[in-house]
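Participant: Pasting a predicted model and its sequence here:
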Amino acid sequence: MAQIAKKTKRNHHGLLCAHEYDDVFAASINEPEATAIFANGLERAGIGRRDQKVPSVGSEDFGQFGLSGAKAAMLFLGSSPDWPRVHPPDYDFRDELIPVGIRIFSETLAACLDNS
């Protein structure tokens, strides 16, 4: 969960050092087994996959899932590079992504059931 905090302390030389941070979120770290399960579901659904090469602040509270020991993986449904990002007021979810998400999760679940 996001938190805002400020800390200030003085060291033994009388110098003042201030440290500030805000919007602290638990990191979303894709667990390899969960990532492989999603990769299988994407392949079964015939949907391409592009791994993100750099960290993203978009994980927000999703990082909490992995803290309890759950094998978690985060998946982004890509709207397009030209589409507004999620939190600005001009964002509007692309409803045509709903069937894509359903297909991904349905095929991922089917793959899990096939392997059980």
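Facilitator: Perfect, I can see it now.

Participant: Could you check which helix or strand contains residue 54?
Facilitator: According to DSSP states H and E, residue 54 maps onto no helix or strand at all.

Participant: What number of residues are in the vicinity of it?
Facilitator: Residue 54: 4 surrounding residues under other Cβ atoms under 10 Å. C-beta: built from backbone N, CA, C; applies to glycine.

Participant: If I look at the closest residue to residue 38 other than its chain neighbours, what pLDDT would I see?
Facilitator: Closest residue in space to residue 38, ignoring its immediate chain neighbours: residue 73 at 5.2 Å, by Cβ to Cβ, 6 or more residues apart in numbering. At residue 73, the model reports a pLDDT of 87.

Participant: what's the answer for residue 10, then?
Facilitator: What the model reports as pLDDT for residue 10 is 62.

Participant: next one: the one 5 residues further on
Facilitator: Residue 15 is assigned a predicted lDDT (pLDDT) of 75.

Participant: hang on, the earlier thing: quick check: the residue nearest to residue 38 touching residue 42?
Facilitator: No. Using Cβ atoms under 8 Å as the test, residue 73 is too far from residue 42 to be in contact (11.1 Å).

Participant: roughly how far apart are the residue nearest to residue 38 and residue 64?
Facilitator: Between residue 73 and residue 64 the computed distance is 14 Å (Cβ to Cβ, to the nearest Å).
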